[in-house]
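Chemist: below are the sequence and a predicted model; questions follow.
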Amino acid sequence: MKISDLLDKDFRHDNKLIWVSAALAIKFALFFFFTQFFSTADLNPKHIAGFWGNVANDSFSYIDPIERLIEKDDIAFLFEFRMFGYGIPYWMARGVMNQSSALNLIVVIQTIVSALSVYCLSSIAVQIFKKSFYFLLTFCGYFTVLIVSLYDIYPMTESFAASSLIFSIYFIIKGQRNTNLLISGLFLTWAIFLKPVCFPLLLLYVVYIFLEHAKKKIGQLLKLGLIFLIPMILIEVIWVSGQLKYNNIFTLTTPTIFHPLYLDADKHTMPIINFQKATGENWEGEIWFYSEEGNYPYSSRIETSEFNRDSLIALKKGIRSVQSGNLQFKKGVERAVASIENRIISAKLNRYTQSIKAEHPLYFYIISPIKYLYRTVIASSTDRMLGSYNTTSKKLIPFRVLLDIIFWGLQMVFLFAMVIILRKHLYNYKLLLISSTTIYFYFIHTIVFKSSDFRYLVAILPLMVLIALPTCFQYFGTHSSSAKNLD
């Protein structure tokens, strides 16, 4: 008898009180662990006094617009470049308490919501794989990927986004009731307003609805699709109206991918980022052009009729004379002087970028994106927790390596699970919906946006657990049983 069959006899997955309580207990134990031992309060000059969790630079792009809204009593700040999926909950908290207390409440809520999502995630496994054992496997598997819980203590979108995606999938596959579709649509809408890259998932979910209910008449299918889309339509009307009124632009999502600071015409920020993307080099960390020394990183394969190694070395001197980073002017240089020089630098960078695109299209469209995908796949999941490996205490190296191995191993198991799904479960639309959502996140961030920041994967790590572990366990369990029967 298989282990899964043995456990299924007496195992109860439907006792919500026990499992939700267990998830809450583990989540808050991790909450205490991370806030006590991995707080950056003493190191981060931007840390907010009295706040239990950690802040990152991006945290303030969600917090500051609400602070200005409260200070100026102007709703226009709700329609800045960040969509208000995170801003509104924070605004509600700020309405009754000070900033640090509001942030403490937010991270506690994130932890509670995340714990509830673990139960739903594990329940999805039972709905798909039809055995209670897979509830336990998914539940335990989720908590082995500790890095997901780290983001519960950050005022950023990762925690809520991971939870909202789980809830949206849980309700869309739960049953045929219209209420479930409506709730699913509401949670996916929240995910979109937390992370606008989720917007194309609307189409993926609607396709799932049509496939899952293909036997229904076309009128019924359109009705189901509309019910699912109602929350997005209603809230989108508010967002679009606000953008038209306060910013005089029409946009369904964020008006800009980058923070407005990156769009300063007096700096060469976007041209240098676009050049880095064209070459496949990292633009989110230290850039060679600003380094004092640093090894020359660019392959001779990217050289064109417009530039070569000597051209880039000469350009570096000009860049370092006006800026110390892609957002910072060099101290002592007047803005007017820097602006003139930066326009010349920007023109060169733009010309170099276009020449790579024109003369090396294979490198630009294929090799460069693959480099970002590769860096993401092999990235350390613990950078935000422990910094670089070079500066990590030797005592913490084994712990860090273990967490990273879990992340790397999860990706390998997920890849194998995808092979199994394509071979044996091609018409299991539930599995395809979840796996497609996961693959989409890799695709949009690495191939399209050319980013290698690990945190963009946090929202789909629980979904990877849901796909990888039960699929592979079921596959090997079935094959081992077949082998025994043959014996």
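Modeler: Perfect, I can see it now.
Chemist: packing partners for the helix or strand encompassing residue 187?
Modeler: Using DSSP states H and E, residue 187 sits in helix 178-194. The contact analysis (3 or more CB pairs under 8 Å, 6 or more residues apart in numbering; DSSP states H and E) places helix 178-194 against helix 158-174, helix 201-212, helix 218-247. C-beta: built from backbone N, CA, C; applies to glycine.
Chemist: past the last one, which element shows up next along the chain?
Modeler: Moving toward the C-terminus from helix 218-247, the first helix or strand encountered (DSSP H and E) is helix 269-279.
Chemist: after that following helix, next one along is what?
Modeler: As assigned by DSSP H and E, the chain's next helix or strand after helix 269-279 is helix 309-322.
Chemist: where does pLDDT dip in the chain?
Modeler: By pLDDT under 70, the low-scoring segments of the chain are 1-12, 478-487.
Chemist: can you rerun that using 80?
Modeler: Residues of the chain meeting the criterion pLDDT under 80: 1-14, 40-45, 175-176, 293-294, 477-487.
Chemist: quick one, the one helix or strand residue 102 maps to and helix 178-194 angle?
Modeler: Counting by DSSP H and E, the element that carries residue 102 is helix 99-129. For helix 99-129 against helix 178-194, the angle by axes from the mean of the first three to the mean of the last three CA atoms, to 10 degrees is 130 degrees.
Chemist: relative to helix 158-174, how tilted is the very next helix or strand once past helix 99-129?
Modeler: Sequence order places helix 133-144 as the next helix or strand after helix 99-129, per DSSP H and E. Here helix 133-144 runs at an angle of 170 degrees relative to helix 158-174 (the same axes, to 10 degrees).
Chemist: using PDB, list the CA coordinates for helix 133-144.
Modeler: In PDB, the C-alpha atoms belonging to helix 133-144 read as follows (Å, rounded to 0.1, in the frame of the first residue of the first chain):
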ATOM      1  CA  PHE A 133      -2.500  13.200   1.600                       C
ATOM      2  CA  TYR A 134      -1.700  15.900  -0.900                       C
ATOM      3  CA  PHE A 135      -3.100  18.500   1.500                       C
ATOM      4  CA  LEU A 136      -0.400  17.600   4.000                       C
ATOM      5  CA  LEU A 137       2.300  17.400   1.300                       C
ATOM      6  CA  THR A 138       1.500  20.900   0.000                       C
ATOM      7  CA  PHE A 139       1.000  22.400   3.500                       C
ATOM      8  CA  CYS A 140       4.500  21.100   4.600                       C
ATOM      9  CA  GLY A 141       6.100  22.000   1.300                       C
ATOM     10  CA  TYR A 142       4.900  25.600   1.600                       C
ATOM     11  CA  PHE A 143       6.700  26.100   4.900                       C
ATOM     12  CA  THR A 144       9.900  24.600   3.600                       C
END
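Chemist: re earlier: any chance of the helices and strands packed on helix 178-194 in a markdown table, plus distance to residue 114 and mean neighbour count?
Modeler: Converted to a markdown table, these look like this (distance: least, CB to CB, whole Å; neighbours: other CB atoms under 10 Å):
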| stretch | distance to residue 114 | mean neighbour count |
| --- | --- | --- |
| helix 158-174 | 5 | 24 |
| helix 201-212 | 20 | 17 |
| helix 218-247 | 21 | 15 |
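Chemist: wait, which of these is closest to residue 143?
Modeler: Set against residue 143 and scored by CB to CB, those come closest in helix 158-174, at 13.4 Å.
Chemist: what about the closest one, distance to the chain center?
Modeler: Distance of helix 158-174 from the chain centroid (CA atoms, centre = their mean, to the nearest Å) equals 13 Å.
Chemist: now do it: which elements does it pack against?
Modeler: If you count contacts as 3+ CB pairs under 8 Å, 6+ apart, helix 158-174 packs onto helix 99-129, helix 178-194, helix 201-212, helix 429-442, helix 461-486.
Chemist: swap the cut-off to 10 Å and go again
Modeler: Packing partners of helix 158-174 (3 or more CB pairs under 10 Å, 6 or more residues apart in numbering; DSSP states H and E): helix 99-129, helix 147-150, helix 178-194, helix 201-212, helix 218-247, helix 429-442, helix 461-486.
Chemist: and that helix with helix 429-442, angle?
Modeler: 160 degrees.
Chemist: and helix 158-174 with helix 201-212, angle?
Modeler: 20 degrees.
Chemist: hang on, the earlier thing: what is the helix holding residue 102 packed up against?
Modeler: On a contact count with 3+ CB pairs under 10 Å, 6+ apart, helix 99-129 meets helix 16-37, helix 59-72, helix 87-94, helix 133-144, helix 147-150, helix 158-174, helix 429-442, helix 461-486.
Chemist: looking at these, which is closest to residue 81?
Modeler: With CB to CB as the measure, helix 59-72 is the member of these nearest residue 81 (8.0 Å).
Chemist: quick one: buried residues of that closest one?
Modeler: 59, 61, 62, 63, 65, 66, 69 (16 or more other CB atoms under 10 Å).
Chemist: closest one of those to residue 187?
Modeler: Among these, and counting by CB to CB, the member closest to residue 187 is residue 62, at 19.1 Å.
Chemist: mind putting the helices and strands packed on helix 178-194 into a markdown table with distance to residue 325?
Modeler: Compiled in a markdown table, the helices and strands packed on helix 178-194 are given as follows (distance: least, CB to CB, whole Å):
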| stretch | distance to residue 325 |
| --- | --- |
| helix 158-174 | 25 |
| helix 201-212 | 34 |
| helix 218-247 | 28 |
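Chemist: between those, which gets nearest to residue 191?
Modeler: For the helices and strands packed on helix 178-194, proximity to residue 191 was assessed by CB to CB; helix 158-174 is nearest, at 4.1 Å.
Chemist: what angle do that closest one and helix 87-94 make?
Modeler: In terms of direction (the same axes, to 10 degrees), helix 158-174 departs from helix 87-94 by 120 degrees.
Chemist: CA-only coordinates of helix 158-174 in PDB, if you can.
Modeler: Output in PDB follows, covering the C-alpha atoms of helix 158-174 (Å, rounded to 0.1, in the frame of the first residue of the first chain):
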ATOM      1  CA  GLU A 158       4.800  40.400  -2.400                       C
ATOM      2  CA  SER A 159       2.900  38.900   0.500                       C
ATOM      3  CA  PHE A 160      -0.600  40.100  -0.400                       C
ATOM      4  CA  ALA A 161       0.100  39.300  -4.100                       C
ATOM      5  CA  ALA A 162       1.000  35.700  -3.300                       C
ATOM      6  CA  SER A 163      -2.100  35.300  -1.100                       C
ATOM      7  CA  SER A 164      -4.500  37.000  -3.600                       C
ATOM      8  CA  LEU A 165      -3.300  34.700  -6.500                       C
ATOM      9  CA  ILE A 166      -3.900  31.600  -4.300                       C
ATOM     10  CA  PHE A 167      -7.400  32.800  -3.300                       C
ATOM     11  CA  SER A 168      -8.300  33.600  -6.900                       C
ATOM     12  CA  ILE A 169      -7.300  30.100  -8.100                       C
ATOM     13  CA  TYR A 170      -9.000  28.500  -5.000                       C
ATOM     14  CA  PHE A 171     -12.300  30.100  -5.800                       C
ATOM     15  CA  ILE A 172     -12.200  29.700  -9.600                       C
ATOM     16  CA  ILE A 173     -11.700  25.900  -9.400                       C
ATOM     17  CA  LYS A 174     -13.900  25.400  -6.300                       C
END
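Chemist: so which bits of the helix holding residue 187 are buried?
Modeler: Those would be 180-181, 183-194, for helix 178-194 by 16+ other CB under 10 Å.
Chemist: same thing with stretch 31-40?
Modeler: Within stretch 31-40, the residues that count as buried by 16+ other CB under 10 Å are 31, 34, 35, 39.
Chemist: understood, closing this out.
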